[in-house]
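> Got a predicted structure plus its sequence, pasted below:
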Amino acid sequence: MTNELLFAPAWRLAEGIRDGTLEPTAVVDAFLERIADRDDAVNAYVTVASEHARERALEAERALEAGEDVGPLHGVPVALKDLTAFRAGIRHTFGCRAFEDHVADHTAAFVQRLEDAGAIVIGKTNAPEFGHRPVTDNLLVGPTSTPFDLDRNAGGSSGGSAAAVADGMAAFAQGGDAAGSVRIPAACCGVYGLKPSFGRIPNVSRPNAFQNQSPFIDKGVLTRTVRDAALALEVMVGPHPRDPFSLPDTGAAYQAALDRSVDGWRIAYSSDLGVFSVAAVVRERVEDALEAFEREGATVDRVDVAFGYEFDDLAARTRYGLMQALSATIAENVERRHGVAFLERDAESVPSTFRDRIAAGREVSAVDLGGMNRVRTAIYDEIQDVFDGYDLLVTPTLSVLPIHNDSLEDVRVDGTPVDPQAGWLLTWPFNMTGHPAASIPAGFVDGLPVGMQLVGPRFGDEAVLTASAAVERRRPWLEAARSNLVD
């Protein structure tokens, strides 16, 4: 029964807790025991909030015994990425040695919404320092592995969250996505990763309320099923008066979207977005998964995407420049608020990859940013051109299978080296545009998971969920994922 509980969908746990067949304390204890058994190998957690989680579980039981109205996630354990998912009173490190003993003094708006719905924070998950890499490794606790091969990385930067969900160490988990940081680890860990439309989940950022637009930084979720993601999204969405980019509440019923049909949909498939190299085994597995749409009544067409730039030029003019400027902004904010200087006395607390980005970001001018946004406009217009004729855009999520922990800077596609920071990620163009996107499990190659990326039209979160549910109906992945986990 314990294993069935650990790998049950979050919505089913919530249902069992509400109807009395499961007790919140038993659920929390089961996940804490799993963490104790498995996390030394996987390294998904930076902090396990055992005492906090058990106290909240007791409160959850008392509420049920008193006959109180409870939320849709009542008693369900959730893991939070240790980056911006602050929870007051719980250690918060940003994945950085300089903050090893730092404790959050406030609770993030989206975390508060999860708790208001009854979710129980069970711990904080591993991430690279300030989310600056597409893999999860840091000087504080080291790399997080995909539970399908402990020598390979979970992907980043929400790798701890993805690995925890995949390995039965959390019912679901929160993540953040600035260049694919939800979708990348979802692909590496064989789980579902949803990045909603920019602003759908409020992100109250201080001291700079406007830093999350370049690139578009989204909060998202990593789950075992599409319904879990829809449920979490319903809880977390809605405007917030302190987030100038938060979207109005449209009243969308995201779980209802899962039961809609894709019959008659036109789906565009691009194997490489015109600029990426993709491994043959990845391409084959994704193209095999496309048949799910056809079996559901949709038409799939191959399309050519043309951004008007070669890869190196495109990455330099958008992803690199914008992320460098963002890193410099983060470093300045950290120094002002906490007195930590990454390019000076605290340089040894972060790796050279982060220091180099900060230094480069300090050289980015307003004129440079204007030029980058012109290139972003070209990306945006090309994607919008696709949606002029199609309901959905599909690509591989990544170019390669999960990368080895000892070669994170040496990424090769069928033997040919590619840019380790951007060249294997078909995710980041959609952080330039703000379109909703998800990575859905497409299958396995030699026991390693492959992700398929589904991109929806502007504000088309329901479309992404509808399409994801269609794939899940035809190609359910839960049992296949469990059977491929490393013991």
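Right, received. Where do you want to start? Numbers count the residues shown, from 1 in each chain.

> any low-confidence regions in this structure?
1 (pLDDT under 70).

> Torsion angles phi and psi at the residue nearest the centre of it?
Centroid-nearest residue in the chain: residue 182, 1.5 Å away (criterion: CA atoms, centre = their mean). In terms of degrees, to the nearest 10, the main-chain angles of residue 182 are phi -90, psi -50.

> and if you look at residue 222?
Phi and psi for residue 222, reported as degrees, to the nearest 10, are phi -120, psi 120.

> Pull the number of nearby residues for it.
34 (other CB atoms under 10 Å). Backbone N, C-alpha and C define where each C-beta goes, glycine included.

> I'd like the distance between it and residue 184.
Using CB to CB, to the nearest Å, residue 222 is found at 11 Å from residue 184.

> isn't the residue nearest to the centre of the chain right up against residue 194?
Yes: taking CB atoms under 8 Å as the definition, residue 182 is a contact partner of residue 194 at 6.9 Å.

> overlap in contacts of those two?
Residues touching both residue 182 and residue 194 by CB atoms under 8 Å, 6 or more residues apart in numbering: 220-221.

> ok so, going back, now for the residue nearest to the centre of the chain: which residues touch it?
Residue 182 touches 158, 175-176, 193-195, 218, 220-222, 439, counting by CB under 8 Å, 6+ apart.

> Please identify which two of those residues are farthest apart in space.
Of all pairs drawn from the contacts of residue 182, the widest gap by CB to CB lies between 176 and 439 and measures 14.5 Å.

> higher neighbour count, those two?
Set side by side, residue 176 and residue 439 show more neighbours around residue 439, with 36 against 24, by other CB under 10 Å.

> where do the contact lists of residue 222 and residue 184 overlap?
residue 158.

> quick one on the thing from earlier: from the contacts of residue 182, pick the one nearest residue 208.
For the contacts of residue 182, the nearest to residue 208 is residue 176 (15.6 Å; CB to CB).

> what's the helix or strand for the closest one?
Residue 176 belongs to strand 172-177 when elements are defined using DSSP states H and E.

> Show me what that strand is packed up against.
The contact analysis (3 or more CB pairs under 8 Å, 6 or more residues apart in numbering; DSSP states H and E) places strand 172-177 against strand 77-81, helix 109-116, helix 159-166, strand 218-223, helix 226-236.

> would you list those in a markdown table and tack on distance to residue 46?
Shown next, in a markdown table, are the helices and strands packed on strand 172-177 (distance: least, CB to CB, whole Å):
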| stretch | distance to residue 46 |
| --- | --- |
| strand 77-81 | 10 |
| helix 109-116 | 16 |
| helix 159-166 | 7 |
| strand 218-223 | 16 |
| helix 226-236 | 21 |
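
> most neighbours per residue, which of those?
Of the helices and strands packed on strand 172-177, the one with the most neighbours on average (mean count of other CB atoms under 10 Å) is helix 159-166, at a mean of 36.

> helices or strands next to that one in the packing?
By 3+ CB pairs under 8 Å, 6+ apart, helix 159-166 packs against helix 24-42, strand 45-48, strand 77-81, strand 120-125, strand 145-146, strand 172-177, helix 183-189, strand 218-223.

> who wins for proximity to residue 353 among the ones you listed?
Closest to residue 353 of the helices and strands packed on helix 159-166 is helix 183-189 (CB to CB; 16.1 Å).

> Ok, which of the helices and strands packed on strand 172-177 comes nearest residue 56?
Using CB to CB, the helices and strands packed on strand 172-177 put helix 109-116 closest to residue 56, at 8.2 Å.

> what's the closest one in contact with?
The contact list for helix 109-116, computed with CB under 8 Å, 6+ apart, reads 71, 73, 78, 80, 85-87, 107, 121, 174, 201-204, 219, 232, 235-236, 238, 240, 242-243.

> ok, 10 Å please
For helix 109-116, contacts defined as CB atoms under 10 Å, 6 or more residues apart in numbering pick out 56, 71, 73, 76, 78, 80, 84-88, 90, 104, 106-108, 119-121, 172, 174, 176, 201-204, 219, 221, 232, 234-238, 240-243, 246.

> Please produce a ChimeraX select command covering the buried subset of these.
Selection of buried members from those for ChimeraX, criterion 16 or more other CB atoms under 10 Å:
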select :56,71,73,76,78,80,84,85,86,87,90,104,107,108,119,120,121,172,174,176,201,202,203,204,219,221,232,234,235,236,237,238,240,243,246
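
> just to revisit the earlier point, what's the most buried one of the helices and strands packed on helix 159-166?
helix 183-189 (a mean of 36).

> Please name every helix or strand in contact with it.
strand 145-146, strand 149-153, helix 159-166, strand 172-177, strand 192-195, strand 218-223, strand 437-445, strand 448-455 (3 or more CB pairs under 10 Å, 6 or more residues apart in numbering; DSSP states H and E).

> Show me what secondary structure element comes after the last one.
The first helix or strand that comes after strand 448-455 along the chain, using DSSP H and E, is helix 461-474.

> Residue 73 in helix, strand or coil?
coil (DSSP: H, G, I helix; E, B strand; the rest coil).

> dump the residue contacts of it.
Listed by CB under 10 Å, 6+ apart, the contact partners of residue 73 are 10-11, 13-14, 17, 113-120, 171-172, 228, 231-232, 234-235.

> Kindly recompute the last result at 7 Å.
Listed by CB atoms under 7 Å, 6 or more residues apart in numbering, the contact set of residue 73 reads 14, 114, 117-119, 235.

> Same question for residue 424.
Counting by CB under 7 Å, 6+ apart, residue 424 touches 398-400, 411, 413, 418.

> Apart from its chain neighbours, what residue comes closest to it?
Closest residue to residue 424 apart from its sequence neighbours, by CB to CB, 6 or more residues apart in numbering: residue 399 at 4.0 Å.

> for the one you found, phi and psi?
Reported as degrees, to the nearest 10, the phi and psi values for residue 399 are phi -80, psi -20.

> Was I right to think it contacts residue 276?
Yes: contact criterion CB atoms under 7 Å: residue 399 and residue 276 qualify, at 5.7 Å.

> joint contacts of these two?
residue 426.

> closest to residue 128 among the contacts of residue 73?
For those, the nearest to residue 128 is residue 114 (23.3 Å; CB to CB).

> what about stretch 76-90, how long is it end to end?
18 Å (CA to CA, to the nearest Å).

> re earlier: neighbour-wise, which of the contacts of residue 424 leads?
Neighbour max across the contacts of residue 424 (other CB under 10 Å) = residue 398, 33 neighbours.

> Next one: the spatially closest residue to that residue that is not a sequence neighbour from residue 427, what distance?
Ranked by CB to CB, 6+ apart and with sequence neighbours excluded, the top spatial neighbour of residue 398 is residue 187, at 5.0 Å. Distance of residue 187 to residue 427, computed by CB to CB: 9 Å.

> Touching both of those two, which residues are there?
Joint contacts of residue 187 and residue 427 (CB under 7 Å, 6+ apart) are residue 397.

> rewinding a little: compare the helices and strands packed on helix 183-189 and give me the one nearest residue 298.
Closest of the helices and strands packed on helix 183-189 to residue 298 is strand 448-455, at 11.8 Å (criterion: CB to CB).

> can you give me the angle that closest one makes with strand 437-445?
150 degrees (axes from the mean of the first three to the mean of the last three CA atoms, to 10 degrees).

> What is strand 448-455 packed up against?
When contacts are defined as 3 or more CB pairs under 7 Å, 6 or more residues apart in numbering; DSSP states H and E, strand 448-455 packs onto helix 183-189, helix 280-289, strand 392-396, strand 437-445, helix 461-474.
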